[in-house]
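Chemist: predicted model, plus sequence, below.
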Amino acid sequence: MELTNADLDAIVLTLRLATVVTILLLLIGTPIAWWLARTRSRLKGAIGAIVALPLVLPPTVLGFYLLVALGPHGPIGHITQALGLGVLPFTFAGLVVASVFYSMPFVVQPLQNAFEAIGERPLEVAATLRAAPLDRFFSVVLPLAKPGFISATILGFAHTVGEFGVVLMIGGNIPNQTRVVSVQIYDHVEALEYASAHWLAGGMLLFSFLVLVALYTFNQSARIRRS
Amino acid sequence: MSIHARFRNAYADFLLDVDLNLPGGGITALFGPSGSGKTTILRCIAGLERAASGTLKVNGEVWQDDALEIFLPAHKRAIGYVFQEASLFPHLSVAGNLDYALKRVADTAHKISMDQAVMLLDVGPLLPRMPERLSGGERQRVAMARALLTSPDLLLLDEPLAALDLKRRNEILPYLERLHAELSIPVLYVSHSPDEVARLADHLVVLDAGRVVASGSLADTLARLDLLHLFGDDAGVMIEARVDAHDDHYQLTCLGVSGGEIHVSRRDAAIGQMVRIRVLARDVSISTSAPIPGSSSILNALAATVVQMTTAIDPAHMLLRLDAQGTPLLARITRRSRDQLGLIPGSAVWAQIKAVAVLA
């Protein structure tokens, strides 16, 4: 086995980060996606664009602004310091916050598509059957949007596992804190440790491939079941 | 028990402006061409849509009153709603769909039990199936059972048969009649099919372009000449008739109506039973002389008086309203025939009936 302890630490940290971020994203992304799917507000375009920005921005740009905002003189930095949380850059918590922004579109967009596909009718039916709004969401929307939730979970998790630029900008390279697999690979390559880099890079490649195979297979069988 | 509804709202394509006093029992049909606002009225009553200005009182309970800023949300209204297209939850089995309704109503408010609903609509064998494995007719039966399980004070049916073919439609109609006969829940039934309306309704509301053009008992409203353009070729009357006798030799059944008797193909019905028949205006012709026995193949002729005449949409035709000693009839004849026969209101004529549809 060519994996060092430092490699294993990086893998564990990456999985921990992706798990925390995915859970947070499902909690935050669901109401945002619901609002985007239902609203007729003129703000819809602007909010949708903000959520989608990480799709087109270089991660360094996103990371730079987050660094400034979360830093000791930034607006969020002031708040976290006032709350006694200190400053977030170069901590695991800071990495979580950055990753939530970075992976947001990968969770919100599949959810929004799933919510839009449900349409008004099942909710109206539930209302005529005496289901109150929250009841309608849990008894009708959640089960009908299940494929969307599965896609969102897989994509959010995989995308967080694969991030690099934002981590470098806001997390740096602190073992067990912010040194995730992608950063560890970078370190190996810098040190010309190609064999070690191969193990991690190959692992990432395999992981990403399997995730996408699982996702596409699932989507296809869901489509067949629907038709 | 009664329903009073007044809604006013400007929609993109029409202005809804209705004031309805509906009976608190039986089946009331909301009839009109598409775009006349009938589904919108139903949705406003259900609380799925909110008319900009409106009041709605059901059973003395205020569901909407804009002056008092009252608007009861849909899930707090004691209605059962059946949508035009299948609306079963695809993630739940038939039993799951029925349970969904049952468990959201307090036990003390249950007026209809699961067993009763399952029996009334014959959905027992379907219970373990998923909605995608049901035919269109089966889905609508489940949807109706589900609506009943909310123990509604008012049942709203939005063209529940429109998405079905003729065969399936005829499978469902008996179930609707059964609901009518066995439950005392008032029903509002939206339809654009004159046949369905004539067969099911007790009370008829005719809508056109967002307004009520007529509201009254079915028989009276169907016989009104001024509404006939809305029914087109299907204009005709509905008559309640009594089964008087059967003729086994010729396989005919004799129905008694005030004003005479009408023979139809042998029906499987008990003597004395009441049936609804429908006679279309285009199936009634006029003769000024009494039929001579053995001179015509037409079986049914009733002595009648011309009450009123109007031109039909087709300028070659006239529509006549006749009174066959208490039985209203409509006849469609050509304007030329009217002139040749010299018909005027009050003329005594014979109405020759070429075809009779027995409903149910």
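Modeler: Received, thanks.

Chemist: helices along chain A, start to end?
Modeler: A:5-38, A:44-56, A:59-70, A:75-82, A:92-118, A:121-128, A:133-136, A:142-144, A:146-161, A:165-170, A:181-190, A:194-226 (DSSP state H).

Chemist: between those helices, which has the poorest mean confidence score?
Modeler: Lowest mean pLDDT within the helices of chain A: helix A:194-226, a mean of 85.

Chemist: next, the angle helix A:146-161 makes with that one.
Modeler: Helix A:194-226 runs at 170 degrees relative to helix A:146-161, counting by axes from the mean of the first three to the mean of the last three CA atoms, to 10 degrees.

Chemist: wait, what's in contact with residue 37?
Modeler: Just going to use chain A. A:Leu111, A:Gln112, A:Phe115, A:Glu116 (CB atoms under 8 Å, 6 or more residues apart in numbering or on different chains). In this view, the C-beta of every residue, glycine as well, is placed from N, C-alpha and C.

Chemist: should've been chain B
Modeler: So B:Gly37 contacts B:Phe14, B:Leu16, B:Val18, B:Leu207, B:Ala209, B:Gly210, B:Arg211 (CB under 8 Å, 6+ apart).

Chemist: hmm, back to that, buried among the contacts of A:Ala37? Need that as a selection in ChimeraX.
Modeler: What follows is the ChimeraX syntax selecting those of the contacts of A:Ala37 that are buried according to 16 or more other CB atoms under 10 Å in any protein chain shown:
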select /A:111,112,115
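
Chemist: ok, the contacts of A:Ala37 vs chain B, which is closest?
Modeler: Nearest to chain B among the contacts of A:Ala37 is A:Phe115, at 14.9 Å by CB to the nearest CB.

Chemist: after the helix or strand harbouring B:Ala241, next one along is what?
Modeler: Following DSSP states H and E, one finds B:Ala241 within strand B:236-247. Using DSSP H and E, the helix or strand that follows strand B:236-247 towards the C-terminus is strand B:252-257.

Chemist: list the buried residues of that following strand.
Modeler: Quick answer for strand B:252-257 (16+ other CB under 10 Å): B:Leu252, B:Thr253, B:Cys254, B:Leu255, B:Val257.

Chemist: leaving out the residues flanking it, which one is nearest to residue 118?
Modeler: Since no chain was named, I'll use chain A. Spatially, and ignoring its direct neighbours in sequence, A:Ile118 is nearest to A:Leu144 (5.0 Å; CB to CB, 6 or more residues apart in numbering or on different chains).

Chemist: that answer is for a different chain, and I need it for chain B
Modeler: B:Gly124 (5.1 Å).

Chemist: and B:Ala355, how far is that from chain A?
Modeler: 40 Å (CB to the nearest CB, to the nearest Å).

Chemist: what values do phi and psi take at the residue nearest to that residue when sequence neighbours are not counted?
Modeler: What sits nearest to B:Ala355 in space, not counting adjacent residues and going by CB to CB, 6+ apart, is B:Asp283, at 4.3 Å. Dihedral pair for B:Asp283: phi -100, psi 10, per degrees, to the nearest 10.

Chemist: from B:Val237, how far off is B:Asp283?
Modeler: 11 Å (CB to CB, to the nearest Å).

Chemist: so for the two, which residue has more residues nearby?
Modeler: B:Val237 (23 against 18; other CB atoms under 10 Å in any protein chain shown).

Chemist: so what's the more buried one up against?
Modeler: Contacts of B:Val237 by CB under 8 Å, 6+ apart are B:Ala219, B:Leu222, B:Ala223, B:Arg278, B:Val279, B:Pro328, B:Leu329, B:Leu330.

Chemist: would you say B:Gly25 is within a strand?
Modeler: No: read with DSSP: H, G, I helix; E, B strand; the rest coil, B:Gly25 is coil and lies in no strand.
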